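Visitor: attaching a predicted model along with its sequence, questions to come.
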Amino acid sequence: MIFYHCLTCNLSMHPVCAMRKVPFFIDHPKSHPHPLTFFPTQASLVCHFCALIKKLDPTYICTKCVFVIHKGCIGFPHVIRISRHTHRISFTSSLPCGKLSCGVCHQQVDNDYGAYSCKKCDAYFVHSKCALQRHVWDGKDLEEVPEEDDMIDDGEPFKRIADGIILHPFHCHNLHLQTTRAYDENKYCRGCALPIYEGQFYSCIESDFILHEHCANAPRMKRHPLHPHPLTLVVATRGPGNEEGTFQCDACHRKGTGFFYEHHTDQENIFMLDIHCASIFEPFQYQGHEHPLFLPSEPNKWGRCQMCTYEYVDLNLNCLECDYILCFHCATLPYKVRYKHDSHFLKICNGKEANDQSYWCEICEGKIEEGTERAFYNTPKKDTSFYKCNACCTTLHQRCLLGIDTYMKPGETVKDYLSSIKYASEGQSKESITDVRILLNSSLTRPICTRCLCRCPFPIFFKGHNTIFCSWDCVEDSAMRSYQRLLYSFISG
Ligand SMILES: [Zn+2]
Ligand SMILES: [Zn+2]
Ligand SMILES: [Zn+2]
Ligand SMILES: [Zn+2]
Ligand SMILES: [Zn+2]
Ligand SMILES: [Zn+2]
Ligand SMILES: [Zn+2]
Ligand SMILES: [Zn+2]
């Protein structure tokens, strides 16, 4: 490849780029009221918009105001909405004095240059470079857009029929408000897939549809710091557009069968967030840590979660005061749970706490240790947290109590997608064969998993046509293997 190179500055340019004309004057009143002049020496002046020195972006100046701006920064948006703040923010070229910190990266904002600020909040500032990141800003300049036009509907998410009776858009019968009297381990919420431990819930008289009161109140639309566009509440049901009847959360990567928030970025890409992860906001007050936790300023940063000790590449919650890191998977495990043979709540504990004690799990009778890798489940993910009742000293592995498909609800039917491809390519239409029922593993003899041949250890198991699986991983693994066998027989004729 031919290119131009400057030995003094160690700078290379494509021939096309080198020949591109750089205008000497630029008049852009929206960015600066006076005409701007090209400044020939690169990499020496800091831009008043982005507060950076950019080697490869031509610099323009206004000598009257001693104003500096990059060519690429001319035309910057004046009013924007970012995912990390509830109000609109606007660009301001003069910042107040004092120590200001950026609402996205939490680093100091230099008062000598411009930044975005919130007119409604007292001291909310964001670096221009942080505000315009693709995962934070939706790319829209809202200067001409009236504030009402980008408000989202915050009305009640259901129809109120009478006092304590509602009609929820995801169910066809009326739901009645009730109060939990005793913990019933067979009652699961259709929204979050967790049991009803305490408090109020809505239930249907004609079917087993139940919702926690707070799940019924989940808004139909919501903004979330993890995504620049507003998200819509949907429920995972098998039907057009959701063949499997499940979804996978983009924050904790769990499969779920309940309510989730989505945004169709384009035809193929859908951003999905389960209602557990959607409830996490900044600053996040995690009950197991003394300081508030924040989202990283940029995605795809490595970090080792202190709870599960697993190293995550993408989303973590970070503590600004110490080096505590929590992954979304652990942040959304229930903090306190009930166990049918204990009359109290059990609290989540970090595996490290088990080191100096000898704790045994009441379900599998195995030892609770830090970083124990479970023999029956071939995943590299470690299981270090456990639940403990402080009154009775009952201790349980987190996985033995909640399973690994924590947010898949018993009673639902999902579709094994890979198997359906297999049957379709065999020229058979065997719709019901690919149906998988999620069942409560409550009988005295635990069924044996067709795939890994263990006795299903978790609170739920999956029942297919002539098959039993202990986990969704085994369902998919088994489908993948038979699909590969089919492909192989196809290739080898
Ligand atoms: Zn700039
Ligand atoms: Zn910043
Ligand atoms: Zn604000
Ligand atoms: Zn719920
Ligand atoms: Zn999630
Ligand atoms: Zn974790
Ligand atoms: Zn156990
Ligand atoms: Zn299995």
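Guide: Good, I have the coordinates. Residues are numbered from 1 along each chain as shown. Ligands and ions are numbered 1, 2, ... in the order given.
Visitor: which residues of this protein lie near ligand 7?
Guide: Residues of the chain lying close to ligand 7 (Cβ under 5 Å from the ion) are 361, 363-364, 397, 400. Quick note: C-beta positions are derived from backbone N, CA and C, even for glycine.
Visitor: mind doing that once more with 6 Å?
Guide: Within reach of ligand 7 by Cβ under 6 Å from the ion, the chain has these residues: 361, 363-364, 366, 397, 400.
Visitor: drop anything exposed from those.
Guide: 361, 363, 397, 400 (16 or more other Cβ atoms under 10 Å).
Visitor: contacts only, for the second one.
Guide: Listed by Cβ atoms under 8 Å, 6 or more residues apart in numbering, the contact partners of I363 are 396-397, 400-401, 457.
Visitor: near ligand 3, which residues of the stretch 351-493 of the chain are found?
Guide: For the stretch 351-493 of the chain, no residues are found near ligand 3 under the criterion Cβ under 6 Å from the ion.
Visitor: quick one: low-confidence parts of the stretch 351-493 of the chain?
Guide: Residue ranges of the stretch 351-493 of the chain with pLDDT under 70: 371-383, 417-433, 493.
Visitor: the strands in it, which residues?
Guide: Ranges of strands in the stretch 351-493 of the chain, per DSSP state E, counting those that start in this stretch, are 359-360, 367-368, 386-388, 395-397, 413-415, 435-440, 460-463, 468-469.
Visitor: in its sheet, what does the last one sit against?
Guide: Under the criterion DSSP bridges, strand 468-469 sits next to strand 460-463 (antiparallel) in its sheet.
Visitor: quick check: buried residues in the strand it pairs with?
Guide: For strand 460-463, by 16+ other Cβ under 10 Å, it's 460-462.
Visitor: could you dump those residues into JSON lines and include distance to C118?
Guide: As requested, the buried residues of strand 460-463 are exported to JSON lines (distance: Cβ to Cβ, whole Å):
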{"residue": "I460", "distance to C118": "45"}
{"residue": "F461", "distance to C118": "50"}
{"residue": "F462", "distance to C118": "48"}
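Visitor: residues of the longest helix belonging to the chain that come out buried?
Guide: Assignment by DSSP state H gives helix 472-491 as the longest helix of the chain. By 16+ other Cβ under 10 Å, the buried positions in helix 472-491 come out as 472-479.
Visitor: of these, closest to I280?
Guide: Taking Cβ to Cβ as the measure, I280 lies nearest W472 of the buried residues of helix 472-491, at 23.1 Å.
Visitor: and the residue nearest to that closest one when sequence neighbours are not counted, how far is that from E185?
Guide: Among residues not flanking W472 along the chain, D405 sits closest, at 4.9 Å (Cβ to Cβ, 6 or more residues apart in numbering). From D405 across to E185, the span is 16 Å (Cβ to Cβ, to the nearest Å).
Visitor: of these two, who's got more company?
Guide: Comparing D405 with E185 by other Cβ atoms under 10 Å, the one with more neighbours is D405, at 24 against 15.
Visitor: what about K187, neighbour count?
Guide: By other Cβ under 10 Å, 14 other residues sit near K187.
Visitor: check contacts around it.
Guide: In this structure, K187 makes contact with 195-196, 201, 210, judged by Cβ under 8 Å, 6+ apart.
Visitor: beta partners for V68?
Guide: With DSSP bridges as the rule, V68 is bridged to I61.
Visitor: that one and A51 touch, don't they?
Guide: No - counting by Cβ atoms under 8 Å, V68 does not reach A51; the two are 10.2 Å apart.
Visitor: which of those two has more neighbours?
Guide: Legend: neighbour count by other Cβ under 10 Å for V68 and A51, higher for V68 (21 against 16).
Visitor: residues in this protein within reach of ligand 4, list them.
Guide: The chain comes close to ligand 4 at residues 189, 191-192, 194, 212, 215, as judged by Cβ under 6 Å from the ion.
Visitor: quick one: furthest residue from the center of the chain?
Guide: Distance from the centre of the chain peaks at K64, with 48.0 Å (Cα atoms, centre = their mean).
Visitor: what's near enough to touch the residue nearest to L440 when sequence neighbours are not counted?
Guide: Leaving aside its sequence neighbours, L440 sits nearest to P410 (Cβ to Cβ, 6+ apart; 4.4 Å). By Cβ under 8 Å, 6+ apart, the contact list for P410 reads 188, 438-440, 459-460.
Visitor: and which of those residues is nearest to H171?
Guide: H171 lies nearest to Y188 out of the contacts of P410, by Cβ to Cβ, at 14.4 Å.
Visitor: what parts of the stretch 1-150 of the chain come near ligand 2?
Guide: Counting by Cβ under 6 Å from the ion, the stretch 1-150 of the chain comes close to ligand 2 at 102, 104-105, 107, 127, 130.
Visitor: out of these, which end up buried?
Guide: Buried residues within these, counting neighbours by 16+ other Cβ under 10 Å: 102, 104-105, 127, 130.
Visitor: what is the neighbour count of F284?
Guide: When counting by other Cβ under 10 Å, one arrives at 18 neighbours for F284.
Visitor: where do the helices sit along the stretch 301-450 of the chain?
Guide: Per DSSP state H, counting those that start in this stretch, the stretch 301-450 of the chain carries helices over the ranges 328-331, 398-402, 417-425.
Visitor: which ones are touching the closest residue to L52 other than its chain neighbours?
Guide: Closest residue to L52 apart from its sequence neighbours, by Cβ to Cβ, 6+ apart: K129 at 6.3 Å. K129 is in contact with 50-52, counting by Cβ under 8 Å, 6+ apart.
Visitor: mind checking the SS state of K129?
Guide: With DSSP: H, G, I helix; E, B strand; the rest coil as the basis, K129 sits in helix.
Visitor: out of the buried residues of helix 472-491, who's nearest ligand 5?
Guide: Comparing those against ligand 5 with Cβ to the ion places W472 closest, at 14.6 Å.
Visitor: low-scoring stretches of the stretch 201-350 of the chain, by residue?
Guide: Applying pLDDT under 70 to the stretch 201-350 of the chain picks out residues 239-243, 312-313.
Visitor: which residue does it bring closest to ligand 2?
Guide: Using Cβ to the ion, S297 is the residue of the stretch 201-350 of the chain that sits closest to ligand 2, at 6.1 Å.
Visitor: pLDDT value on the closest residue to that residue other than its chain neighbours, please?
Guide: Using Cβ to Cβ, 6+ apart and skipping the chain neighbours, the partner closest in space to S297 is C105 (3.5 Å). Turning to C105, the model gives it a pLDDT of 93.
Visitor: so what's C305 closest to, chain neighbours aside?
Guide: Sequence neighbours aside, C327 is the residue nearest to C305 in space, at 3.8 Å (criterion: Cβ to Cβ, 6+ apart).
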